[in-house]
Each structure stands twice: as structure tokens, then as C-alpha cells.
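Enquirer: Dropping a prediction and its sequence here:
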Amino acid sequence: MLSKQIFSENTVSLEQFFPNFTHEFLKPFEVLTSSQIKNVMHLNFEVKESKHLKKISPILRLAHPSDAKKITEIYKELYNGTYPYSEMVDVEEVQKMILDPHVKWIVYQDPQYNIAGCITFVLDFQNRRGYIRGFMLKRKYQGRIDITKAMIGSMLGMLHEFKDTIYTWYVENRTAHAKSQYSMWVCGIAPIAFYPNKDIFLEKVESDLMQILYDERALKKFRSSAIPCFIPSVESCYQYSNKRYSLGTFSIKSPKIILGKKKVGKLQKKLVRNIEKDKFGYETITFSFEGSNSYFQFLHTPQVKNMEKVKYEVKNLEELYVFTQELIKCKKEFDVRYCEVFVSAYNPEHQQIFYDAGLKPRGYIPSWECSPDALEFSDSILFSIFNGTISEDIQLIDQGQKLLETLGFYEDSINEPVSYQSYSFVEVESRTASIKKQKGVKKGALALMFSYLALLCISIITALAFGSSGFSFVLHTISDLGNSQFTPSPILFDIACIIAGLITIPYSFFCDEMRKSPKKHLEVISRSGLYFGILG
């Protein structure tokens, strides 16, 4: 626990940092853990080869409710009274957060125990992840206190306390400077996704960099065994994450989205929008349909003009389409600059609908969601849409630069505006669109197939047994079974051909559906059947 640890005088090599996983980060400090001291953590170790040896080593402790006023003053000072998330400058609200078991607030002190800075960890126990925010120092301590050691100490405290509870730690780092990016990269919190033009700080639009640190068990032991299946535009994001975390097998699918036009029209008439606004200006917006449990919910933050924290549940693609259309409508209506959604990495149809609505993949995040029923993690893809251009003054560590190159932001110029397309129907409803989902039609087609084969066999037997000219497979073609010269009942073959023609169309749709299945064995079976059919 943070409030009960001290680290003895020692030296840790810089080479021992930049870990891939939490246990690698903790390893250099195993021998440094000493006796328990209540309320403070002294970082009496030095980082070998560090450029900050002359800087002050901060003293860490958990915040008390009485610290709330001083904490809010840090936010007000650093952001000149313009910090957009007003709950962080509200003394009463900060006191509540300090007492909240889902929030851990750490303050940094100088050798005289004056508060010099702070950091916050918001704990999501359901998804087993911790969100790092508000890593800052007062102006007079900037350049004097070692912020990298402050970050190291903060992570040591959190990782010790929540070793078997929190498996993922992430941050949305500012890009106006790269100092905090580097301090977290030292701890292994690595870039994984990008939020273009998401925030407004000091009255300027700013992009954020998502960095993440995993407990290795989240990826190796508790990650879902399901094979990720995603649309082609996601592959570069996947390969970026795969290079660091060795994620394994994946499949790519380009789904053909077929929507029922009448169904969409009915859903649009039943669509309900509800907005709940809290005292800090946040708006929770929920879309739903009358008489349905389906919903689409997100957080709108007017002060920074963004929409995030999307949660949804739908029964079919038509519902998701209507919801995404309403989302884009809200974006325009509320003059929103940025919108994001985390989409399942196993549902290419949902990915395609968001992609067609204008949202593009900005990062592949493995083991992001945790099942509420078991300790099992599933992968997600960050999709977002934004207005404007990326700042010329963006500051990134090397790993962040590589991520943006992967995402295509440097192909021409980082200042190029990112355009997006409006969603349009790929296909409207046709009779064949619903055929694939009707068991009766499938059984009927199967019955016709057997009828065709039976009539063909009877036609062959009749020609061989009763034909006057002696039908032969060697000398004649199969079409001669419809010639009265070779068989007394050519109508049998004619009827068989008519039935074959009737079942060709639905059968082709069933084959297409099977081939698009992400399950490998079904794909092999369906393709083999198709090849043998062509041969026949």
C-alpha cells in the first residue's frame, strides 16, 4: 500500500525501466522494499544515468480531504483559471473524490512537506483498469522536482496495492509537451492510440495520446481465446499493437452491410432522445426506441466540444445504423469537434457501420473490456471522428511519432485536415436480404435440391433402361436426357432443370453467407462445396 512503504537508498539503472508489463516494472524495486512507514513514501533511490540527479526527490502520500483546496489551486494556477473539467476545481467535489474508494489521489511534497503537485488514479473495478489523470506540479517546482521519480513512485504504490485487482493502467496524455509522456513511458506506459483534437486546454484545441501498461496476465492468461475479426482499415492498428504484445492470430473481413429500408424507417419514427445534464455541465445523452431495450448512450462535454464514453446494446444492424445516424446528427447539432467510440474487435459489421458513418480507427487496444461474469478480457478498437487540423506544435516521444506514422497522419502532412464521409446505404432491403434468416426458406431450398437430384437420377435410369436409341454417358451429353430420341420421358429432365434454376439464387446467397463466416472450418467447408459444385 502506498501509505505504508519506504524505499531505501540505492541505485536503479535506467536500462531496467521501459518495461513491457507491470511485473517487469516492479522487479528492480523488490530488494528496495523496507519497513512500513505510515502516510508517506520516500523515494530514496537514484536512477543511474539520469539527467535529473540534482533535482529534488519528491515525498509521496495519499491525499486527505483537507488537501482539497490546495489541489484545486494547482489546477487553477496551471490553467489560468480555464481548466475545462470544473469538478477538478470544486473543493467540495475534490473532497468527495478523495474519500471515494474508486479514486486514489496522491500528493507530491517537497522536503519541507509542502504540497508541490498531485496525480489521480480512477479505478474501474468492473473492467479491472485504472485511469491516470491530473499529473501536475506547481510552476515554482517545475524543473526542480524530479517528475519522473514522482511518476515511478506513484506507479509503485498503485501496483503494489492493486496487484491482483487492476490489470490495465492507462492515461490520456497531453501533446502540448512530451514531459509527462516520457515519465510514463519510463514506467512502461506505452503509446497505443491517438485522440486527434479531443481536448481544449488553455483555450487551445489539443490532441491526446493514449498510453497503457498491462499486467501480463491480462494478455497471456485472461485474454479471450476468440480470434479477432476486423475490417481491413484496422489492420495497421492491430499490427502496431501486435508488434509490442504478440497478440497472435486474426482474421480480416469486409462485410457487406445490407439494411432493411422499411425497418430503418420504422425505427427512425420510434427513436427517442433523452438528455440529462449535471451541475458541472456534462450531458449524458441516451438514444432508445419505444417499446425496446436497445439503447445508445454517451457523454457530451460542451466545454471541450467532444462526445465519448459510448455504451450501446442493439438487436440488429438497422438499430445500430439509426443510432449512429443520430450520433452524427448530434455532432452537427451541438457543434461537437470530436467523437469517439470503442468497438468490439470481434464484430466487423459494427466496425463497418461506424466506419461508414465517418469514424476511423485510431488504435487497437487488447484486453480492454472485462466480462462481468468471469475474469476474461476482450479486445477493442478505438474509432473516432474529428474536425479541423492537427496542431503544428504537437510534441510526442518517439513511440508516439511511430504510432501516428502507423495511423497515416504523416503520409502527407500532419496539418492536413482529416475528412470523413457521410454514411449511405450500401444496399437497401430486397427479398434476398431476408431469405438467409428464414429457416422455412432454407428447408424449402434443401427439399428442392433433393427433388432435383431425384428427378435427375430417375431420368438417367429411364433413359438407360427404356430408351430406344441406347443412351450412353460416353457418347452423349447430359442434356440429351431431354431429347425424346433417347428417353421416353424427357419431361423428367426438363422439370429437374427448372428446379435447379429455381434453387440456384437462394443457394448462392447461402454459400456467400457461409464463406463470410469468421469461423475457419465453415469457410473451408463452404469453399470446398463451391469448388466441387463448379467441377460437377
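Expert: Cool, the structure landed. Since this is a predicted model, take the numbers as computed values, not measurements.

Enquirer: what's the longest helix in the chain?
Expert: In the chain, assigned by DSSP state H, the helix with the most residues is helix 439-466.

Enquirer: Any buried residues in that one, and which?
Expert: Counting neighbours by 16 or more other CB atoms under 10 Å, one finds that the buried residues in helix 439-466 are 441, 445, 448, 451-452, 455-456, 459-460, 462-463. Every residue, glycine included, has its C-beta placed from N, CA and C.

Enquirer: Just name the shakiest helix or strand of this protein by mean pLDDT.
Expert: Of all the helices and strands that make up the chain, helix 431-435 has the lowest average by mean pLDDT, DSSP states H and E, namely a mean of 41.

Enquirer: What's the separation between residue 125 and residue 380?
Expert: As judged by CB to CB, to the nearest Å, residue 125 and residue 380 stand 18 Å apart.

Enquirer: With neighbour numbers in mind, choose between the two.
Expert: residue 380 (21 against 13; other CB atoms under 10 Å).

Enquirer: end to end, how far does stretch 331-341 reach?
Expert: Its first and final residues considered, stretch 331-341 spans 13 Å by CA to CA, to the nearest Å.

Enquirer: same deal with stretch 179-192?
Expert: With CA to CA applied, stretch 179-192 spans 17 Å between its terminal residues.

Enquirer: and if you look at stretch 280-293?
Expert: First residue to last in stretch 280-293 (CA to CA) measures 29 Å.

Enquirer: next one: stretch 93-104
Expert: Stretch 93-104 has an end-to-end distance of 14 Å (CA to CA).

Enquirer: Residues contacting it, please?
Expert: Applying CB atoms under 8 Å, 6 or more residues apart in numbering, the contact partners of stretch 93-104 are 2, 62-65, 67-68, 71-72, 87-88, 105, 120-125, 158, 161, 280.

Enquirer: Buried ones among those residues?
Expert: 2, 62-63, 67-68, 71-72, 87-88, 105, 120-123, 158, 161.

Enquirer: What about those residues, which are in helices?
Expert: Of these, the ones assigned to helices by DSSP H are 68, 71-72, 158, 161.

Enquirer: To what extent is residue 249 buried, counted in neighbours?
Expert: Neighbours of residue 249 using other CB under 10 Å come to 7.

Enquirer: excluding its backbone neighbours, what's nearest it?
Expert: Spatial nearest neighbour of residue 249, chain neighbours left out: residue 227 (5.3 Å); criterion: CB to CB, 6 or more residues apart in numbering.

Enquirer: One more: residue 369?
Expert: residue 378 (4.9 Å).

Enquirer: phi, psi of residue 84?
Expert: Here is the backbone geometry of residue 84 (degrees, to the nearest 10): phi -70, psi -20.

Enquirer: Would you check how far apart it and residue 119 are?
Expert: Here residue 84 is placed at a distance of 19 Å from residue 119 (CB to CB).

Enquirer: Also residue 24?
Expert: Counting by CB to CB, the separation of residue 24 from residue 119 is 21 Å.

Enquirer: likewise residue 403?
Expert: For residue 403, the distance to residue 119 - CB to CB - is 23 Å.

Enquirer: With residue 443 instead?
Expert: In this structure, residue 443 and residue 119 are 63 Å apart, going by CB to CB.

Enquirer: Then residue 237?
Expert: Applying CB to CB, the value for residue 237 to residue 119 is 28 Å.

Enquirer: what about the helix or strand hosting residue 327, average pLDDT?
Expert: Per DSSP states H and E: residue 327 is located in helix 317-333. For helix 317-333, mean pLDDT rounds to 98.

Enquirer: buried sites along that helix?
Expert: Buried residues in helix 317-333, counting neighbours by 16+ other CB under 10 Å, are found at 317-328, 330-331.

Enquirer: before we move on, what about stretch 294-313?
Expert: Neighbour counts over stretch 294-313 (16+ other CB under 10 Å) mark 294-298, 300-301, 304-308, 310, 312 as buried.

Enquirer: what does it contact?
Expert: If you take CB under 8 Å, 6+ apart as the criterion, stretch 294-313 is touched by 84-86, 198-200, 275, 281-288, 293, 314-315, 319-320, 323, 326-327, 330-331, 334-342.

Enquirer: quick one: that stretch to chain centroid distance?
Expert: Offset of stretch 294-313 from its chain centre (CA atoms, centre = their mean, to the nearest Å): 15 Å.

Enquirer: quick one on the thing from earlier: and the longest helix of the chain, what does it pack against?
Expert: Other elements packing on helix 439-466 under the criterion 3 or more CB pairs under 8 Å, 6 or more residues apart in numbering; DSSP states H and E are helix 490-515.

Enquirer: give the contact list for residue 65.
Expert: Counting by CB under 8 Å, 6+ apart, residue 65 touches 95, 98-99.

Enquirer: Now with 6 Å, please.
Expert: 95, 98 (CB atoms under 6 Å, 6 or more residues apart in numbering).

Enquirer: Now for the buried ones among the contacts of stretch 93-104: which two are most distant?
Expert: For the buried ones among the contacts of stretch 93-104, the maximum inter-member distance is 25.1 Å, found between 72 and 161 (CB to CB).

Enquirer: can you pull up the bridge partners for residue 312?
Expert: Residues in a beta bridge with residue 312, per DSSP bridges, are residue 296.

Enquirer: Please apply the same query to residue 214.
Expert: Under the criterion used (DSSP bridges), residue 214 bridges to residue 21, residue 168.

Enquirer: What's the local residue count around it?
Expert: When neighbours are counted by other CB under 10 Å, residue 214 registers 26.

Enquirer: Same check on the one 3 residues further on?
Expert: Residue neighbour count, defined by other CB under 10 Å, stands at 17 for residue 217.

Enquirer: Torsion angles phi and psi at the closest residue to it other than its chain neighbours?
Expert: Of all residues not flanking residue 217 in the chain, residue 167 sits nearest, at 6.5 Å (CB to CB, 6+ apart). Dihedral pair for residue 167: phi -110, psi -10, per degrees, to the nearest 10.

Enquirer: for residue 278, same thing?
Expert: Dihedral pair for residue 278: phi -100, psi 180, per degrees, to the nearest 10.

Enquirer: Could you report the pLDDT at the spatially closest residue to it that is not a sequence neighbour?
Expert: Spatially, and ignoring its direct neighbours in sequence, residue 278 is nearest to residue 284 (7.8 Å; CB to CB, 6+ apart). Looking at residue 284, its pLDDT stands at 99.

Enquirer: Okay, now the sheet partners of the host helix or strand of residue 284, with direction.
Expert: Secondary-structure element containing residue 284, defined by DSSP H and E: strand 283-289. Paired strands of strand 283-289, with direction, are strand 271-277 (antiparallel), strand 295-301 (antiparallel) (DSSP bridges).

Enquirer: CA-only coordinates of stretch 349-365 in PDB, if you can.
Expert: The C-alpha coordinates for stretch 349-365 follow below in PDB (Å, rounded to 0.1, in the frame of the first residue of the first chain):
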ATOM      1  CA  GLU A 349     -20.300  -5.500 -39.100                       C
ATOM      2  CA  HIS A 350     -20.400  -3.000 -36.200                       C
ATOM      3  CA  GLN A 351     -17.000  -1.700 -37.100                       C
ATOM      4  CA  GLN A 352     -18.100  -1.200 -40.700                       C
ATOM      5  CA  ILE A 353     -21.200   0.800 -39.700                       C
ATOM      6  CA  PHE A 354     -19.100   3.200 -37.500                       C
ATOM      7  CA  TYR A 355     -16.500   3.400 -40.300                       C
ATOM      8  CA  ASP A 356     -19.200   4.300 -42.900                       C
ATOM      9  CA  ALA A 357     -20.500   6.900 -40.500                       C
ATOM     10  CA  GLY A 358     -17.100   8.700 -40.700                       C
ATOM     11  CA  LEU A 359     -15.300   7.300 -37.600                       C
ATOM     12  CA  LYS A 360     -11.800   5.900 -38.300                       C
ATOM     13  CA  PRO A 361      -9.600   3.500 -36.400                       C
ATOM     14  CA  ARG A 362      -7.100   5.300 -34.100                       C
ATOM     15  CA  GLY A 363      -5.800   2.300 -32.100                       C
ATOM     16  CA  TYR A 364      -6.100  -1.400 -31.300                       C
ATOM     17  CA  ILE A 365      -6.400  -1.900 -27.600                       C
END
